[in-house]
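Engineer: 3D model of this:
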Amino acid sequence: MARVQDVAAYILDQLGPMTAMKLQKLCYYAYGHHLAWEERQLFPERFEAWANGPVCKELYAKHRGRFQLQPGEIKGDPKALDEGERESIDLVLAGYGDFSASQLSQMTHREPPWVWARERAGVDAMERSDEQLTDDDMFEFFESLNAASTDGAE
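Structural biologist: Here you go, the predicted model:
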């Protein structure tokens, strides 16, 4: 199984330089959609309901204190991704890659996995939280997104 840094390195290779926040959110969307499409985790690391949206603390540790990230600055192995994982990430990048970090963060603040985790933690808008987003909540939400996009295509 790939690790979050493998996914992050792949995303940076595909899209080029971006903010750390945008990278976090793209990893989140890749994880959620992959979970719904493939019914398996993209990587074992978890997302937490931080004040600015979902954050994977293991990825955060790799870029802490950095605003902008360049390809090659997150040490991961994009070759660790299997074909299904790369396909999921590529679809997410095609759908979400043009959004800014701020837009992606705002989107996550309206979505149930982050909202529910913040509610479980009992925290206000800008309070710290390390409450994890659950795979069940993420699967339910992203599967409903996928179903809605499929319904609209018919």
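Engineer: give me the contact list for stretch 32-48.
Structural biologist: 1-4, 6-7, 28, 30-31, 54-59, 84-85, 88-89, 91-92, 113, 117, 129-133, 135, 138-139, 141-143, 145-146 (C-beta atoms under 8 Å, 6 or more residues apart in numbering). Glycine gets a C-beta too; all of them are placed from N, C-alpha and C.
Engineer: quick one, phi/psi of the residue positioned nearest the centre of the chain?
Structural biologist: Compute the mean C-alpha point of the chain, and by C-alpha atoms, centre = their mean the closest residue is residue 28, 0.8 Å away. Main-chain dihedrals, residue 28, degrees, to the nearest 10: phi -60, psi -50.
Engineer: leaving out the residues flanking it, which one is nearest to it?
Structural biologist: residue 54 (4.4 Å; C-beta to C-beta, 6 or more residues apart in numbering).
Engineer: residues near residue 92, how many?
Structural biologist: 22 (other C-beta atoms under 10 Å).
Engineer: okay, and the nearest residue to it once chain neighbours are set aside sits in which element?
Structural biologist: In this structure, residue 92 finds its nearest non-sequential neighbour in residue 30, 4.5 Å apart by C-beta to C-beta, 6+ apart. Assigned by DSSP states H and E, residue 30 belongs to helix 20-38.
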